[in-house]
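Asks: Build me a model from this:
(4 chains)
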There are 2 protein chains.
Amino acid sequence: MNDDAHLIDALLRVMRELRRQFDASAQEVGLTMSRARVLAAIAKMEGITQAGLANEMGLEPPTLKRQIDALETDGFITRRALDGDARKRALHLTDKARSARVTRLVDDTRAEILDGLSPENKSRMQTSLERIAENIARLNHR
Amino acid sequence: MNDDAHLIDALLRVMRELRRQFDASAQEVGLTMSRARVLAAIAKMEGITQAGLANEMGLEPPTLKRQIDALETDGFITRRALDGDARKRALHLTDKARSARVTRLVDDTRAEILDGLSPENKSRMQTSLERIAENIARLNHR
DNA sequence: GCAAATTAATTAGCGCGCTAACATTCCCGC
DNA sequence: GCGGGAATGTTAGCGCGCTAATTAATTTGC
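Replies: Numbers count the residues shown, from 1 in each chain, chains lettered A, B, ... in the order given. I've put the predicted structure just below:
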């Protein structure tokens, strides 16, 4: 089907532009879209380990590690040792990461990007995306 | 809105998995998802220039250049001089790129990924994506 | 209790997107 | 015509995703 190609093209195009715009906004506070997402995830699960967070976000550990290195260097998070298991490192936000500037910017940008989409459309889109994810997962282990 | 974050997460997740699965399939014929898309675009516009194709695909010229270099090295396409303008290079497929193996693989994978989505859902998703693209574009020049 | 398997984090290396900056060529206005 | 600006393609360099392989620590099994 020809329209299928158009749909996937549109998906890819939107993703590229989404990242570009998000990065441009996030630059004001010294973040990128990916790093802002890592911060948001840690905020909801303070003290989680790297492997846990990678699993939660659907990223591979090496991918996450690089973001964490950068976020730690820039003073957004800290890595703490966990007693009981010397391999694990617990992730925590710093006050800098909790500042209103950081959190609001991400929320605002997200809202602007989805502006004008009805709740029904968002919901349907979510359902379709989940279906696609299932299809891909099925292909994966076959 | 919290659901907005989930929707964007789902989008990003699907995109990552889509690329991973597509790349795994395309590997059989020596391609990646991105390169297969470039081939498909050239197939529909033989003789187009690099700048024209970049514009058509929504990619930046340097991004496209690297794909084209690789595709030429691997024998999928050729660059030809255009008389009348020494700057331009016309892009053409080779027989290798036109082989059934290459073209069918991409079509099959795409169909499998979108399997089970009704035409209505696909259509609605396309509309929503276009709305998001407009929102991003609006943000962009402001 | 010790060897083997598993888990957590890391390192190394690749593909694909981007921007910035540059050379070459063409076009346009004077 | 010719000088300045625009268009085409390229080079250089960065961020973010991946896989494969390594190291250290823990758990499991005999």
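
Asks: Please name the nearest non-neighbouring residue to residue A:21.
Replies: Nearest in space to residue A:21, with sequence neighbours left out and distances taken as CB to CB, 6 or more residues apart in numbering or on different chains, is residue B:136 at 4.8 Å. Using the backbone N, CA and C atoms, a C-beta is placed for each residue, glycine as well.

Asks: and the helix or strand hosting the one you found, is it in reach of DNA strand C?
Replies: Here residue B:136 sits within helix B:119-140, counting by DSSP states H and E. No. Helix B:119-140 lies apart from DNA strand C when judged by CB under 7 Å from any atom of the strand; the minimum separation is 9.4 Å.

Asks: quick check: longest helix of chain A.
Replies: helix A:2-26 (DSSP state H).

Asks: Is the helix or strand following that one in proximity to DNA strand D?
Replies: Per DSSP H and E, the first helix or strand lying C-terminal to helix A:2-26 is helix A:33-44. Yes. Residues of helix A:33-44 are located near DNA strand D by CB under 7 Å from any atom of the strand, namely A:33, A:34, A:35.

Asks: and the first one, how many neighbours?
Replies: Burial of residue A:33 is recorded as 20 neighbouring residues (other CB atoms under 10 Å in any protein chain shown).

Asks: residues touching it, list them.
Replies: Contact analysis of residue A:33 by CB atoms under 8 Å, 6 or more residues apart in numbering or on different chains lists A:18, A:19, A:22, A:23, A:26.

Asks: Next, count neighbours for the second one.
Replies: I take that to be residue A:19. 16.

Asks: Now it: closest residue in space, sequence neighbours ignored.
Replies: residue A:33 (5.4 Å).

Asks: separation between the closest residue to residue A:132 other than its chain neighbours and residue B:114?
Replies: Distance criterion CB to CB, 6+ apart; nearest residue to residue A:132, sequence neighbours excluded, is residue B:14 at 5.4 Å. Counting by CB to CB, to the nearest Å, the gap from residue B:14 to residue B:114 is 11 Å.

Asks: Could you name every residue contacting both of these two?
Replies: In contact with both residue B:14 and residue B:114: residue A:132, using CB under 8 Å, 6+ apart.

Asks: and chain A, which of its residues are near DNA strand C?
Replies: Counting by CB under 7 Å from any atom of the strand, chain A sits next to DNA strand C at A:12, A:16, A:20, A:49-52, A:61-62, A:65, A:68, A:79, A:85, A:87-89.

Asks: 10 Å instead, please
Replies: By CB under 10 Å from any atom of the strand, the residues of chain A that approach DNA strand C are A:12-13, A:15-17, A:19-21, A:23-24, A:48-55, A:60-66, A:68-69, A:72, A:79, A:81-82, A:85-91.
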